[in-house]
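Undergrad: Could you work out the structure for the sequence below:
(2 chains)
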Protein chains: 2
Amino acid sequence: MWQQLLTGIQEQDQRALARSISCVENEVPGFESFLSQLPVGHAAVTGITGPPGAGKSTLVDALIAEWVSKHKKVGVLCVDPSSPFNLGAVLGDRIRMSEWYNHPNVFIRSLATRGALGGLHPHIIDITALMQAAGFDHIIVETVGVGQSEIEIAGLADTTVVVVVPEAGDEVQTMKAGLMEIADIFVVNKSDRPEADLFVKNLRMMLAPAFHHSTTEIPVIKTVATAKTGLPELANAIEQHQAEEHHSDRKDWLLTERAWKLIQQKRMKDLNKQMLKEKIASLRKDKEFNLFGFVQTYINP
Amino acid sequence: MWQQLLTGIQEQDQRALARSISCVENEVPGFESFLSQLPVGHAAVTGITGPPGAGKSTLVDALIAEWVSKHKKVGVLCVDPSSPFNLGAVLGDRIRMSEWYNHPNVFIRSLATRGALGGLHPHIIDITALMQAAGFDHIIVETVGVGQSEIEIAGLADTTVVVVVPEAGDEVQTMKAGLMEIADIFVVNKSDRPEADLFVKNLRMMLAPAFHHSTTEIPVIKTVATAKTGLPELANAIEQHQAEEHHSDRKDWLLTERAWKLIQQKRMKDLNKQMLKEKIASLRKDKEFNLFGFVQTYINP
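TA: Below is the predicted model:
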């Protein structure tokens, strides 16, 4: 089976890709050695994040259209933090993007985070690598900028695009600092709103090198995703960032972040949270329970 | 030295506490066995978080005043994600709270996260346990709701208080889902603003059990921290939540979260990110570099 999937992926067969993703999601025995035989793909990963309501899905939709019109193959991963609060929005998004589901040059897959508070998906690195091996020109990972998912996207994507909407001038300063720090490119969507120009101006001021640890200028692109305005500029900015990317040592940093996360996962794999909880619950009933003593005994029994 | 610190902490000596925190922060050899000898403290931890600009520091200030007026001893940890974007705010906050620095029943300590993107502080669990051992009646951990710090505060605090400010009615729905999910108590600060009542109404609707995984009602407290309005109600809501707390199994869950994090830290301790990066950089120059193969070899050489 694994050999067949490997061959399928190398032949850019979307069904083989879909099935491989399911096998990895479900941790079908053998998936680890399967992953270590994957051909190395070189497509850059574009992460798209931002607060709920910023229009990310419409933007991704328009970006797919932009790249497809240039005969590019595009793979998209939609990562939905499973929050009861944005279930409606998520369903709406998925329906909106469905026009692409049957396009031969477009592959779209939704992943739920399965209730993990924050975080993208336990196998996001693996699944992204599968997509890279399947010969796409562009890979998009879309996620809501909630909890720690925005931190993780920055460690996963070659280019992180943060999508925001114009708000009253003062609000720029209270924008989530986390989003500010991870953006390689800013998109101000819904930029036909009257307050857009002032917002962009304030944003550019905030992004001035004096405030920011980066020395390169961070592009701020104005779009109206529903009207597909600004999309060529966005595609261009992404491609330019990824061209620079290959000359920098950021690729090493990204691979290190991914390796770190994979090693951490493997080292924690034996630890079952429920069993840990039961052990702690029973111990702390008897006596003065010292957490640090417990942990030390746990590590070195 | 360690024995002296232990005795000092048990005698509620603030200098011994301050020195112990520094030793743990700097990982002075022996700190781990010191921690495992700590007397177990029973003061509940109140986490206070929320977006920048919500008035958290002023609120903490007023909460200290409320408890001190009832002859309680209060320990406060201020955790500043080291973001270049809110340095000004952070300095302002610290100065604002300085009236308490010399009060005998108040202990305040600021911790920087030292550039970790997201996250509270590598030793936050240890330092909180030190504070608990030092005999305070109330412990407050204040942090900006940025990145993954809000996820971590929920795993650290017995009671998580989320502070927000009233905004135009529609905005409630785009409030960060992460903050919605962790709140045990909501504070709507600056509630003398005209839009406050509508905001509180919308917030209560969002918090109805149908939308929320909790079955208990989440209190929404209106405050004007600068005028100390609503503070007795807030203190009361916190104390009530913490009284219920002891009868629930949430304490087990909290201890499990803390144990999990401590075990993870210990298991990853040998892994130096810079060395990992150098290894990856050199390997991927020579040949087709497969990350999963690399990780597998790393785990089982």
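
Undergrad: how many other residues sit next to residue A:272?
TA: Per other Cβ atoms under 10 Å in any protein chain shown, the neighbour tally for residue A:272 reads 10. C-beta here means a position set from N, CA and C on the backbone, and glycine is covered the same way.

Undergrad: Tell me the spacing between it and residue B:32.
TA: As judged by Cβ to Cβ, to the nearest Å, residue A:272 and residue B:32 stand 24 Å apart.

Undergrad: Tell me which stretches of chain A form strands.
TA: A:45-49, A:74-80, A:106-112, A:138-143, A:159-164, A:185-188, A:220-222 (DSSP state E).

Undergrad: Sheet partners, orientation included, of the shortest one?
TA: Within its sheet, and counting by DSSP bridges, strand A:220-222 is paired with strand A:185-188 (parallel).

Undergrad: cool, the fifth one as well?
TA: Pairing partners of strand A:159-164, with direction, according to DSSP bridges: strand A:45-49 (parallel), strand A:185-188 (parallel).

Undergrad: What lies in contact with the first one?
TA: Okay, so that is strand A:45-49. With contacts defined as Cβ atoms under 8 Å, 6 or more residues apart in numbering or on different chains, strand A:45-49 is touched by A:56, A:59-60, A:63, A:128, A:132, A:138-145, A:149-150, A:153-154, A:156-163, A:179, A:182, A:238, A:242.

Undergrad: go with 7 Å
TA: Contact partners of strand A:45-49, identified using Cβ atoms under 7 Å, 6 or more residues apart in numbering or on different chains, comprise A:56, A:59-60, A:128, A:138-143, A:145, A:150, A:153, A:156-163, A:238.

Undergrad: and if you look at the shortest one?
TA: The set of residues external to strand A:185-188 that reach it, using Cβ under 7 Å, 6+ apart, is A:59, A:159, A:161-164, A:166, A:196, A:199-200, A:203, A:218-223, A:234, A:237-238, A:241.

Undergrad: domains for chain A, by residue range?
TA: Following automatic domain parsing, one finds the domains of chain A at A:1-39, A:40-253, A:271-299.

Undergrad: hey, least reliable of the ones you listed by pLDDT?
TA: Lowest mean pLDDT of the domains of chain A: domain A:40-253, a mean of 79.

Undergrad: chain center to that domain: distance?
TA: Counting by Cα atoms, centre = their mean, to the nearest Å, domain A:40-253 is centred 8 Å from the centre of its parent chain.

Undergrad: before we move on, the earlier item: would you reformat the strands of chain A as CSV and include distance to residue A:291 and mean neighbour count?
TA: As requested, the strands of chain A are exported to CSV (distance: least, Cβ to Cβ, whole Å; neighbours: other Cβ atoms under 10 Å in any protein chain shown):
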stretch, distance to residue A:291, mean neighbour count
strand A:45-49, 35, 27
strand A:74-80, 33, 24
strand A:106-112, 32, 18
strand A:138-143, 33, 25
strand A:159-164, 36, 26
strand A:185-188, 42, 24
strand A:220-222, 47, 20
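
Undergrad: If we go by neighbour counts, what in stretch A:22-32 is buried?
TA: The neighbour-count check on stretch A:22-32 (16 or more other Cβ atoms under 10 Å in any protein chain shown) flags A:23-25, A:31-32 as buried.

Undergrad: near chain B, from those?
TA: When Cβ under 7 Å from any Cβ of the partner chain is applied, the members of those adjacent to chain B are residue A:32.

Undergrad: With respect to chain B, which of the buried residues of stretch A:22-32 is nearest?
TA: residue A:32 (6.6 Å; Cβ to the nearest Cβ).

Undergrad: how close does the closest residue in space to residue A:231 that isn't next to it in sequence sit to residue A:101?
TA: Closest residue to residue A:231 in three dimensions, ignoring its sequence neighbours and counting by Cβ to Cβ, 6 or more residues apart in numbering or on different chains: residue A:66, at 4.5 Å. Note on residue A:66: its distance to residue A:101, by Cβ to Cβ, is 18 Å.

Undergrad: same check, this time on residue A:67
TA: Distance, residue A:67 to residue A:101, using Cβ to Cβ: 16 Å.

Undergrad: These two: who's more crowded?
TA: Comparing residue A:67 with residue A:101 by other Cβ under 10 Å, the one with more neighbours is residue A:67, at 21 against 10.

Undergrad: which residues touch the more buried one?
TA: Contacts of residue A:67 (Cβ under 7 Å, 6+ apart): A:74, A:138, A:235.

Undergrad: thinking the last one is in contact with residue A:66, fair?
TA: Yes. Contact status for residue A:235 versus residue A:66: in contact at 4.8 Å, counting by Cβ atoms under 7 Å.

Undergrad: Any chance of the backbone angles for residue A:105?
TA: Dihedral pair for residue A:105: phi -100, psi 10, per degrees, to the nearest 10.

Undergrad: Would you list the phi and psi of the closest residue to it other than its chain neighbours?
TA: By the measure of Cβ to Cβ, 6+ apart, the closest residue to residue A:105 outside its immediate chain neighbours is residue A:73, 4.7 Å from it. With angles defined as degrees, to the nearest 10, residue A:73 shows backbone torsions of phi -100, psi 130.

Undergrad: distance of residue A:73 from residue A:15?
TA: Note on residue A:73: its distance to residue A:15, by Cβ to Cβ, is 15 Å.

Undergrad: which one's the longest helix in chain A?
TA: When chain A is parsed with DSSP state H, its longest helix is helix A:250-268.

Undergrad: ok, it near chain B or not?
TA: Yes. Applying Cβ under 7 Å from any Cβ, one finds helix A:250-268 touching chain B at A:252-253, A:255-256, A:258-260, A:262-264, A:266-268.

Undergrad: neighbouring contacts of that helix?
TA: Residues contacting helix A:250-268 (Cβ under 7 Å, 6+ apart): A:125, A:155, A:158, A:245, B:264, B:267-268, B:271, B:273, B:276-277, B:280-281, B:284, B:291, B:294-295, B:298-299.

Undergrad: follow-up on the earlier one: neighbour count for residue A:73 and residue A:15, which is higher?
TA: Just comparing residue A:73 and residue A:15: by other Cβ under 10 Å the higher neighbour count belongs to residue A:73, 20 against 9.

Undergrad: Show the contacting residues for that one.
TA: A:105, A:135-137.

Undergrad: Separate out the buried members of these.
TA: For these, buried by 16+ other Cβ under 10 Å: A:105, A:135-136.

Undergrad: and those as JSON lines, adding distance to residue A:19?
TA: Listed next are the buried ones among the contacts of residue A:73 as JSON lines, based on distance: Cβ to Cβ, whole Å:
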{"residue": "A:105", "distance to residue A:19": "19"}
{"residue": "A:135", "distance to residue A:19": "16"}
{"residue": "A:136", "distance to residue A:19": "17"}
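
Undergrad: quick one: which of those is nearest chain B?
TA: residue A:135 (15.1 Å).

Undergrad: What's the local residue count around the residue lying closest to that closest one once chain neighbours are set aside?
TA: Of all residues not flanking residue A:135 in the chain, residue A:12 sits nearest, at 4.3 Å (Cβ to Cβ, 6+ apart). Residues lying near residue A:12 (other Cβ under 10 Å) number 14.

Undergrad: ok, now the one 4 residues further on?
TA: Burial of residue A:16, expressed as a neighbour count using other Cβ under 10 Å, amounts to 19.

Undergrad: give the contact list for it.
TA: Contacts of residue A:16 by Cβ under 7 Å, 6+ apart are A:5, A:8-9.

Undergrad: quick one: which of those residues is most hemmed in?
TA: Ranking the contacts of residue A:16 using other Cβ under 10 Å puts residue A:9 first, with 24 neighbours.

Undergrad: if we can go back for a sec, now go through the contacts of helix A:250-268 and say which are in helices.
TA: Residues of the contacts of helix A:250-268 located in helices (DSSP H): A:125, A:155, A:245, B:264, B:267-268, B:273, B:276-277, B:280-281, B:284, B:291, B:294-295, B:298-299.

Undergrad: Any quick ChimeraX command for the buried ones out of those residues?
TA: Paste this into ChimeraX to select the buried members of the ones in helices among the contacts of helix A:250-268, with burial taken from 16+ other Cβ under 10 Å:
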select /A:125,155 /B:267,276,277,280,281,284,291,294,295,298
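
Undergrad: Verify the stated contact: residue A:207 with residue A:218.
TA: Yes. Contact criterion Cβ under 7 Å: residue A:207 and residue A:218 qualify, at 4.9 Å.
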